[in-house]
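Novice: Build me a model:
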Amino acid sequence: MNIVKVLISFTRLRDDLLDTFAQNIFNKMTGNVNFLTPSPALTDLDVVLKAYQAALAVAISGNKEQTSNKNDKREALERVLRELAMYVELTSKNNATVALSSGFDIRKPSAPIGILAKPVSVKLETGPNQGSMSVGIERINGADSYLFQYAETPITPTSAWFTQASTTRTVVINNLTVGKEYAFRIAAVGAHPTLVYSNVLTRFVS
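Specialist: Residues are numbered from 1 along each chain as shown. Model (predicted):
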């Protein structure tokens, strides 16, 4: 089940857009049967909104003191809006339609990523120690960790693959036989149990 999360992204709005946003909240929540006992009360929102509107009108062509006053009034307005957002989130009880009726925005529901993409940008480099290989991969969206596998060549259906798991995208595989060729492949690990390995790359170890 998706959790309805009311956003407070209004804190990043321009001054004039915050005015419009707050007025819309006041209008939509007034008489809204979904929110019969707003906390803070809508009268509190009305007071701080009007104070902000007045300060904003003066600050457009005002001095530093008037601009500072506008910023103070904006902070007070944002504080009331944040508290109302918390009230809406709690009262809506995970009903997105109810939450949206307040005028606030909500976080988009997350969609399952499914089977992760096949790694395509595998990077093999000689490791820092003799008999080691550095193996790296570009980030795969949705991956929690990565499986780095290696085996001696030639690869056959019965080849024994050794696995090194890591939450980082680059690992150093040690204790390889110098002068021997190895095969390497990587799979990203996510919520879906299916693993999709990269193409097999081979490299002689020095």
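
Novice: Mind naming the longest helix for the chain?
Specialist: The longest helix of the chain (DSSP state H) is helix 64-92.

Novice: which of the residues in the helix or strand just after that helix are buried?
Specialist: Counting by DSSP states H and E, the element after helix 64-92 in chain order, helix or strand, is helix 96-100. Neighbour counts over helix 96-100 (16 or more other CB atoms under 10 Å) mark Val98, Ala99, Leu100 as buried. C-beta coordinates here come from the backbone N, C-alpha and C atoms, glycine included.

Novice: Then stretch 170-182?
Specialist: By neighbour count with 16+ other CB under 10 Å, stretch 170-182 contains the buried residues Val171, Val172, Ile173, Leu176, Tyr182.

Novice: In strands only, show me those.
Specialist: In strands, defined here by DSSP state E, the members of those are Val171, Val172, Ile173, Tyr182.

Novice: thinking again about what came up before, any chance of the buried residues of helix 96-100 in JSON lines, plus pLDDT and distance to Val122?
Specialist: Shown next, in JSON lines, are the buried residues of helix 96-100 (pLDDT from 0 to 100; distance: CB to CB, whole Å):
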{"residue": "Val98", "pLDDT": "96", "distance to Val122": "48"}
{"residue": "Ala99", "pLDDT": "96", "distance to Val122": "44"}
{"residue": "Leu100", "pLDDT": "96", "distance to Val122": "44"}
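
Novice: Would you reformat the residues you listed as CSV and include distance to Leu147?
Specialist: As requested, those are arranged in CSV below (distance: CB to CB, whole Å):
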residue, distance to Leu147
Val98, 43
Ala99, 40
Leu100, 42
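
Novice: now, which of those residues sits nearest Gln130?
Specialist: Ala99 (60.8 Å; CB to CB).

Novice: Mind putting the buried residues of stretch 170-182 into JSON lines with pLDDT?
Specialist: Formatted as JSON lines, these follow (pLDDT from 0 to 100):
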{"residue": "Val171", "pLDDT": "95"}
{"residue": "Val172", "pLDDT": "96"}
{"residue": "Ile173", "pLDDT": "96"}
{"residue": "Leu176", "pLDDT": "95"}
{"residue": "Tyr182", "pLDDT": "96"}
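
Novice: Rebuild the residues you listed as a markdown table, extending it with distance to Val120.
Specialist: Formatted as a markdown table, the buried residues of stretch 170-182 follow (distance: CB to CB, whole Å):
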| residue | distance to Val120 |
| --- | --- |
| Val171 | 18 |
| Val172 | 22 |
| Ile173 | 20 |
| Leu176 | 24 |
| Tyr182 | 20 |
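
Novice: what's the closest of these to Asp16?
Specialist: Comparing the buried residues of stretch 170-182 against Asp16 with CB to CB places Val171 closest, at 51.6 Å.

Novice: Bridged to that closest one, which residues?
Specialist: With DSSP bridges as the criterion, Val171 is bridged to Val135.
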